[in-house]
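Peer 1: quick one: sequence plus predicted model below, questions after.
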Amino acid sequence: MAKRRHLKHRSVFYRRFTSAAAAPGTLVAQPEAEPTRVKLISFDADAFEEVEVRPGDLSPIINRPKDRVLWIDVQGLRDHGMIQQIGDALDLHHLLLADAVNVGQRPKVEDYGRVLFIIVRHAQRDAERGFAWEQMAIAIGDGFVATFQETAGDCLDPLRERLRQGKQSLRTHGAGFLGCMIVDGVIDGYFPALEGVGEELEQLEGQIINAPSRDSLHQIYRLKREMMSMRRSTWPLRDALSHLLRDGHPLLEEQVRPYLRDAADHVIQIVDIIETYRELGASFIDVYLSSLSNRTNQVMRLLTVMSSIFIPLTFLAGVYGMNFDRSQPHNMPELGWAFGYRAFWVVSLAMAGGMMVVFWKLGWLGGIGKDDRET
Amino acid sequence: MAKRRHLKHRSVFYRRFTSAAAAPGTLVAQPEAEPTRVKLISFDADAFEEVEVRPGDLSPIINRPKDRVLWIDVQGLRDHGMIQQIGDALDLHHLLLADAVNVGQRPKVEDYGRVLFIIVRHAQRDAERGFAWEQMAIAIGDGFVATFQETAGDCLDPLRERLRQGKQSLRTHGAGFLGCMIVDGVIDGYFPALEGVGEELEQLEGQIINAPSRDSLHQIYRLKREMMSMRRSTWPLRDALSHLLRDGHPLLEEQVRPYLRDAADHVIQIVDIIETYRELGASFIDVYLSSLSNRTNQVMRLLTVMSSIFIPLTFLAGVYGMNFDRSQPHNMPELGWAFGYRAFWVVSLAMAGGMMVVFWKLGWLGGIGKDDRET
Amino acid sequence: MAKRRHLKHRSVFYRRFTSAAAAPGTLVAQPEAEPTRVKLISFDADAFEEVEVRPGDLSPIINRPKDRVLWIDVQGLRDHGMIQQIGDALDLHHLLLADAVNVGQRPKVEDYGRVLFIIVRHAQRDAERGFAWEQMAIAIGDGFVATFQETAGDCLDPLRERLRQGKQSLRTHGAGFLGCMIVDGVIDGYFPALEGVGEELEQLEGQIINAPSRDSLHQIYRLKREMMSMRRSTWPLRDALSHLLRDGHPLLEEQVRPYLRDAADHVIQIVDIIETYRELGASFIDVYLSSLSNRTNQVMRLLTVMSSIFIPLTFLAGVYGMNFDRSQPHNMPELGWAFGYRAFWVVSLAMAGGMMVVFWKLGWLGGIGKDDRET
Amino acid sequence: MAKRRHLKHRSVFYRRFTSAAAAPGTLVAQPEAEPTRVKLISFDADAFEEVEVRPGDLSPIINRPKDRVLWIDVQGLRDHGMIQQIGDALDLHHLLLADAVNVGQRPKVEDYGRVLFIIVRHAQRDAERGFAWEQMAIAIGDGFVATFQETAGDCLDPLRERLRQGKQSLRTHGAGFLGCMIVDGVIDGYFPALEGVGEELEQLEGQIINAPSRDSLHQIYRLKREMMSMRRSTWPLRDALSHLLRDGHPLLEEQVRPYLRDAADHVIQIVDIIETYRELGASFIDVYLSSLSNRTNQVMRLLTVMSSIFIPLTFLAGVYGMNFDRSQPHNMPELGWAFGYRAFWVVSLAMAGGMMVVFWKLGWLGGIGKDDRET
Amino acid sequence: MAKRRHLKHRSVFYRRFTSAAAAPGTLVAQPEAEPTRVKLISFDADAFEEVEVRPGDLSPIINRPKDRVLWIDVQGLRDHGMIQQIGDALDLHHLLLADAVNVGQRPKVEDYGRVLFIIVRHAQRDAERGFAWEQMAIAIGDGFVATFQETAGDCLDPLRERLRQGKQSLRTHGAGFLGCMIVDGVIDGYFPALEGVGEELEQLEGQIINAPSRDSLHQIYRLKREMMSMRRSTWPLRDALSHLLRDGHPLLEEQVRPYLRDAADHVIQIVDIIETYRELGASFIDVYLSSLSNRTNQVMRLLTVMSSIFIPLTFLAGVYGMNFDRSQPHNMPELGWAFGYRAFWVVSLAMAGGMMVVFWKLGWLGGIGKDDRET
């Protein structure tokens, strides 16, 4: 599996703001972006060559052999001048270049005539900080594929390795096939992230059913936010890929179709899982809220049981603590009875016992505290 | 009815994770899969033959008679080499084979030109553990149908029996018709599962209306999860079958169409039932939550009734328990009255009685405990 | 209006289960079904003839005059043999016959080439038991219409009467028009049922706004279930009829179109009403739950008012009931005051009065019990 | 603005019930309907003529000049005979006539070949009784427009006036344009109604945020019902008009298109506003319910504060009211202390003060009653 | 960035009401509108000219050079006469003019044959008052673009500046391109507004999770209303632009397409963000309500703990405060015990301690006040 890269953890809240005054297609300078490195891979069925472009020398791109497939892999988006030169060498539309460089675009597929442009997002997740996203822009042209990534990374290393070894007649197809493999490689990176979310959800499920706490709610909310972020990255891709699949494109030969369909199928599967998780999250909130109601109900019951038993008894004790003048024959004769005190206790215990029987019949005595343990 | 098989009870949480580094179309080794057995059935209107393929000897498949329909029934997916050989013999696309072997795919219909590929899920349910799913991949080609199941099973035994007996001119149609019958056989297995869910829901309904308990909520949640899982297995199939029905396919002759429509109709019916059940589940939660509110209300009422009656009386008793110096004429003359004590009781009972009347008019005295029995 | 028939009150829970082993198109024996009676009506613009078919003698069907419209009205579905013979005589597809006989199908429109097949559900409702549904299958062919009903009934009697009288040039159109009139007749039966639901909802509305009780909730739930059942019977019909309207069918001549559109329009209207009722039901639950919250709030207020007033007073009375040794000059000098007891009452009443003023300002004194009457 | 008419305030609950036995296209006698008056307006670019049709004499309709546009304005639907005659004179389909006369139809657009049939609803609203609806049926034919209204009214008077004055080259277009203007006139009547709802909602908003009461909830519910009723009248119209706009109709010339689009645009705007209002209503319920929760919480806090402070003190006072035999040296020596009583008060006030500090730190002392004023 | 303009803060409640009697296409007089100023910009690849039109002298518009692009920028909509003249000079449909002048239209794209008409809304937001909207109507014709704004503003100043400098070969394209740039400029103004909302939401999130208060709810509601308003301005634009993109228009040449797609893409992105924010708002309410429930639960617990501990003790103290005649040997012998008082305290403390242990085991003692601080 690919090594972890340090992707930025973008907020679900919109932040980035390209000046409204900027013309469309402007490459906005981003000094905090990673420095740009450009790797070239060119291959055909028999040959495979890998070089790194030196800044300023784009001859390997300009003089590319027409019978090979060239993969221009741009990592780090700081050097706009160089990217512009690559764009010019490949005759890429300046709006395309702007989208590739101004990260934060929606996943999409755009047809620029001789070039097919695809934006996907590479996902990474760790349990503490949630999802991190990185934009990957893919321009597929006649005989070349150019990819633009935010960071120097290796999520495509396995693909590069397969190319190098010439596995699966990977090198016998054209640029369309390569582009399709790149998209597939990025999409496959979603599954481990989803698996992580699934594990947390499963753990949360047990917690909410057995011992819901205030933290559970915050965790539901956190996972819900992650699902929203994930959804925003996958729904548009799903639509874009199925349109591409339906309408086709000259750069995608007929043999590439099943592979594209396979990638699109994975995205649909991911979207399905996300929707299931969202629905589970909503169920969790229902269960949590009714647990809370249940608890309050049980607290109230305990209070009511205690009060109903002791308040009448306290009144009775209060009665026999009154100071009516016992020299008057009608005043509090009970106090003078030989067994008055014992009678008081008998009456008190009978009243309490009667109450207990009533509450026991109502089922209020059991259950308190049973599933009411705060964790 | 078919004997029960031991299907895996898959979680709604996504678990399976094929390494992101794997190329599309890779057959991932799954040592825990069942061993592979391959049965062949070949028939035409007059003949019917059943053999089992020995490992390594695929001649019955390669030299299949062109005028018969051949059903290659692969049960257990452990032996990838053999499955690959069968795929080669039938000229199946390696992506198709990968989907057939890497279980956990979405139900779908894919057109591979000369081969129509259908993935459905076979359902089984028991009351304790909920649904179990098994993937069934069906490749329909010219003169053959290949099915790939996870476990050696017999959900298709009735179909096999009907073939053997040549009922319903089943053997006079081609491979498309056979494929259609297989899909129909799998779908029909959903109905008993749904019936089981329906029975539990009906029982739960009575319970929630008459005596809702904490367990009811957990049971609602459990059934909701089952419905989510069922839905994920049937919605995609519904869409896939209606697309197939609308667009047609050369392998499905015109006479097969009504049978396919019949199968699609069953799926729509199943989806309808699932949606109804989901909606019922949501209603149950509403009823449950308002029962809970009702109960808390009744508990509070009892507390309020008890407190409102006895707290003023306790105060009154407290007053006549005070020790003001009765040698002062204005201090507590009531204590010296001949009928002071009796007057106290009269006042107390009057106050309590007045309160009771008020509460009775408010309707608070009835109803407590009536439907408040915890079960 | 048509006489009431005894339709089965089917549960929303799925129950019926045709053995998974049965082949599609099998007529499953149903001994509890009603005995089969077959009536024939044949007519053209000038003639009208009504006969009943004797079991075994299908010659009136087989030798039907080609220039008349024949209506084969099958009531009661027990005699599968006879139904099969009718199917053969009319050359009906065996899947069509199976759907007609195996009741519980979704409403649908299916095109069997030379025969147009429509399934609708006949509705009846009584206030105690809710909806009852009966399947009506309609096969429209060239020169004939065959209808299959579960019970001997008369929901189509008015239509029969109009045919007999030759009203509205009903007899000058072909079989398509007759089929369309039958569908329309069944759909029109929904309106009185909806009217009944509407009346109950209106009554429930008043109850929930003025004096919500636990029964209200159960009634909302019951009506919600009825709406779910109604919806399941009408939504599919709506879709099926609008498809039929859009695509047309050779058996439905151009003059029939407005009548079909009229029927489809009625279904849309019914679906609209159902959706409105569903939404009303959801609003009722909101109103009910907030009434409940309001009540609990008022119960709590009463408790708080009573406790806040009397608990401090009880403490005060307790203080002057203490037995500190009054021979010590600092101990409880108040007890020896001439007006100590009166001062106690003044202070007590002032405290209680002050509390009352506070609660009155908070608005807590009014309103208790106002709309809190349990009914 | 048009004078108010007395429209019927129809319930959202379905009531009207045309006998199920009636054939489609039957004009059901409605004795409570208004008496029928028929006005004729005929015009071309130069001429304008207005007459009222005498019952029985339909010659102005039958002998209508072919080069003028004739507007037959039928007000009041009691005289079915006359309406039938008009229908015959204009060659209107009897289903069309039935829909025009049997009020309560959904808004719709139907194409009867040579006649385009539109049903819209005229809206009027007053604050006490909510919406009132009146059906307006519009049949647009070659050279004529026939309108059928329930009541003699003047919502179209402004249009009539503009026709009379020949403004906006209104008279130079054909019947399609006139029909379009009539639809537009009816739709424009929705805006003042919506404005009224908007004002009530705004007022309600302030009330719910500042001082929610039980009446607020009933008012939300009332407005929600109005929105449901409004929605049922406008959604179908929106769909019908956009279909008409998309598909066109021979009776609507190209120049009429922008006017039809304008009318459709207004309906979309109305639907948008209704949806916004519905969503606002849902938010109101959320705010209301959480206000209620907040209040209950504050009531509980007050109770808890009072009880927590005074219950321990009352216990303490009770202790020193006990009558243990002080002749035993270990029994209640505190009672004999010189400063015992003062010590009691010091301890009591310290306990109460300590509690107050705790509650103050929890923030429970502020806020009670702040926004808890029942209005 | 553009300077702030003073846009009107329109309510979500519908207010504006153009008399129902007005004919479609009427320019309603609006005396409170800003005075009208008209600026002209004409350019081609080489030249750039800017003039201001004097009232009454429209010759620069009428005699516009055919080889240049003319931008007629109308700011302030009070002078209907002049606007009408401009409309006549450019041959604009009077419905188009009416929509441009009667502000408050939905965003839309309308095709008037030789003119393409687009309505968008310019957004501005400040934290106190929320969104302000201004209508911008754009009529794109052959060789000209006319824009109609409510206020003299400068949200298009950056575009004007770019035109002046001839950047990005902006002047080499036609009127379609200019129109597209104007739309894009307006849309880009949404991002800072969204950023502001995002910041408030993020702050609110922290507040709701850590210390929810009554104000939080009002703030959620306020932001929800803003989102509703924003949504009403962007959803229709999204649909309109994607229809335009799909269907194309003769005035939009092929090179303009990517720019239009870019603008449409921005709108989709904005709609996505709004939907995410709406969903977050809904989650906030869930979290808020369950926090409230949690608090009530904690308040109840404290009350129950206090009551359960002290009420039995108070009863016990009351018992030994009774005045039974101790001369009877069975009456209250405990009072005479040497260690009776001490025993009382031992029993009392034991009971209280036992209760504390129970509550501690239930976990009720911790947590109170922990996250229950009202802010």
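Peer 2: Sure, I can see it. Numbering: from 1, shown residues only, chains lettered A, B, ... in the order given.

Peer 1: okay, CA-based contacts and neighbour counts for the rest of this
Peer 2: OK.

Peer 1: do stretch A:351-365 and chain E meet?
Peer 2: No: judged by Cα under 8 Å from any Cα of the partner chain, stretch A:351-365 stays clear of chain E, getting no closer than 11.6 Å.

Peer 1: residue A:331: how many residues sit nearby?
Peer 2: 22 (other Cα atoms under 10 Å in any protein chain shown).

Peer 1: just residue A:333 next, same as before
Peer 2: Neighbours around residue A:333, by other Cα under 10 Å: 15.

Peer 1: name the nearest residue to it, sequence neighbours excluded.
Peer 2: Leaving aside its sequence neighbours, residue A:333 sits nearest to residue A:326 (Cα to Cα, 6 or more residues apart in numbering or on different chains; 7.3 Å).

Peer 1: tell me the spacing between the one you found and residue C:63.
Peer 2: Residue A:326 sits 114 Å away from residue C:63, going by Cα to Cα, to the nearest Å.

Peer 1: of these two, give the one with the bigger neighbour count.
Peer 2: The neighbour comparison of residue A:326 against residue C:63 (other Cα under 10 Å) goes to residue A:326, with 17 against 9.

Peer 1: for residue A:122, phi and psi?
Peer 2: Main-chain torsions, residue A:122, degrees, to the nearest 10: phi -90, psi 130.

Peer 1: residues in contact with it?
Peer 2: The contact partners of residue A:122, taken as Cα atoms under 8 Å, 6 or more residues apart in numbering or on different chains, are A:133-136, A:186-187, A:189-190.

Peer 1: just the buried positions in stretch A:99-115, please.
Peer 2: With burial defined by 16 or more other Cα atoms under 10 Å in any protein chain shown, the residues of stretch A:99-115 counted as buried are A:99-110, A:112, A:115.

Peer 1: which members of the residues you listed are the farthest-apart pair?
Peer 2: Using Cα to Cα, these span at most 21.1 Å, a distance reached by A:104 and A:115.

Peer 1: can you name the residue of the stretch 201-350 of chain A nearest to chain D?
Peer 2: When distances are taken as Cα to the nearest Cα, the stretch 201-350 of chain A reaches nearest to chain D at residue A:321, 8.8 Å away.

Peer 1: that residue - nearest residue in space that isn't next to it in sequence?
Peer 2: Going by Cα to Cα, 6+ apart, residue A:321 has residue E:322 as its nearest residue, at 3.8 Å.

Peer 1: now do the SS call for that neighbour.
Peer 2: Secondary structure state of residue E:322, per DSSP: H, G, I helix; E, B strand; the rest coil, is coil.

Peer 1: can you get me a residue count around it?
Peer 2: 23.

Peer 1: scan chain A for its longest helix.
Peer 2: The residue-count maximum for a helix in chain A (DSSP state H) belongs to helix A:257-319.

Peer 1: near chain E at all, that one?
Peer 2: Yes: shown here: helix A:257-319 in contact with chain E (Cα under 8 Å from any Cα) through A:285, A:289, A:292-293, A:295-296, A:299-300, A:302-303, A:306-307, A:310-311, A:313-314, A:317-319.

Peer 1: give me the helices and strands touching that helix, please.
Peer 2: Judged by 3 or more Cα pairs under 8 Å, 6 or more residues apart in numbering or on different chains; DSSP states H and E, helix A:257-319 is in contact with helix A:175-188, helix A:190-210, helix A:214-247, helix A:340-362, helix B:94-101, helix B:214-247, helix B:257-319, helix E:257-319.

Peer 1: repeat the analysis, applying 7 Å as the threshold.
Peer 2: For helix A:257-319, the packing partners by 3 or more Cα pairs under 7 Å, 6 or more residues apart in numbering or on different chains; DSSP states H and E come out as helix A:175-188, helix A:214-247, helix A:340-362, helix B:257-319, helix E:257-319.

Peer 1: hang on, the earlier thing: hang on, the residue of the stretch 201-350 of chain A closest to chain D packs against residue E:321?
Peer 2: Yes: assessed by Cα atoms under 7 Å, residue A:321 is found in contact with residue E:321 at 5.4 Å.

Peer 1: and the stretch 1-150 of chain A, which residues reach chain D?
Peer 2: Applying the criterion Cα under 7 Å from any Cα of the partner chain, no portion of the stretch 1-150 of chain A neighbours chain D.

Peer 1: follow-up on the earlier one: can you list the helices and strands packed on helix A:257-319 in JSON lines and add mean neighbour count?
Peer 2: Shown next, in JSON lines, are these (neighbours: other Cα atoms under 10 Å in any protein chain shown):
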{"stretch": "helix A:175-188", "mean neighbour count": "23"}
{"stretch": "helix A:214-247", "mean neighbour count": "19"}
{"stretch": "helix A:340-362", "mean neighbour count": "16"}
{"stretch": "helix B:257-319", "mean neighbour count": "22"}
{"stretch": "helix E:257-319", "mean neighbour count": "22"}
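
Peer 1: do stretch A:146-163 and chain B meet?
Peer 2: Yes: Stretch A:146-163 reaches chain B (Cα under 7 Å from any Cα) through residue A:158.

Peer 1: what does that stretch rub up against?
Peer 2: Here stretch A:146-163 makes contact (Cα atoms under 7 Å, 6 or more residues apart in numbering or on different chains) with A:2-3, A:5, A:34, A:71-77, A:100, A:134-140, A:170-171, A:185, B:21.

Peer 1: just the buried residues from those, in ChimeraX please.
Peer 2: With 16+ other Cα under 10 Å as the criterion, this ChimeraX line picks the buried residues out of these:
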select /A:34,71,72,73,74,75,76,77,100,134,135,136,137,138,139,140,170,171,185 /B:21
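
Peer 1: now, the contacts of stretch A:146-163 that are in helices?
Peer 2: Using DSSP H, the members of those that fall in helices are A:100, A:185.

Peer 1: pLDDT weak spots in the stretch 1-150 of chain A?
Peer 2: Applying pLDDT under 70 to the stretch 1-150 of chain A flags the ranges A:1-23, A:28-30.

Peer 1: would you confirm that residue A:348 contacts residue A:313?
Peer 2: Yes: the pair formed by residue A:348 and residue A:313 meets the contact definition of Cα under 7 Å, at 6.1 Å.

Peer 1: the domain parsing of chain A - what is it?
Peer 2: A:22-173, A:299-362 (automatic domain parsing).

Peer 1: how far off centre is the last one?
Peer 2: I take that to be domain A:299-362. Relative to its chain's centre, domain A:299-362 lies at 61 Å (Cα atoms, centre = their mean, to the nearest Å).

Peer 1: which residue does chain A bring closest to chain E?
Peer 2: For chain A, Cα to the nearest Cα, closest residue to chain E: residue A:321, 3.8 Å.

Peer 1: and that residue, backbone torsions?
Peer 2: Dihedral angles for residue A:321 - degrees, to the nearest 10 - are phi -100, psi 0.

Peer 1: now swap in residue A:249 and tell me
Peer 2: According to degrees, to the nearest 10, residue A:249 has phi -160, psi 140.

Peer 1: and it, how many neighbours?
Peer 2: Per other Cα under 10 Å, the neighbour tally for residue A:249 reads 17.

Peer 1: any idea how far residue B:193 is from it?
Peer 2: Residue A:249 sits 44 Å away from residue B:193, taking Cα to Cα as the criterion.

Peer 1: over to residue A:349?
Peer 2: Taken as Cα to Cα, the span from residue A:349 to residue B:193 is 56 Å.

Peer 1: and residue A:152, what helix or strand is that in?
Peer 2: When elements are assigned from DSSP states H and E, residue A:152 belongs to no helix and no strand.

Peer 1: okay, residue A:185: pLDDT?
Peer 2: Residue A:185 is assigned 90 on the pLDDT scale.

Peer 1: which ones are touching it?
Peer 2: Each residue near residue A:185 by Cα under 7 Å, 6+ apart is listed here: residue A:156.

Peer 1: and the residue of the stretch 151-300 of chain A closest to chain C?
Peer 2: Nearest to chain C, among the residues of the stretch 151-300 of chain A, is residue A:300, at 11.4 Å (Cα to the nearest Cα).
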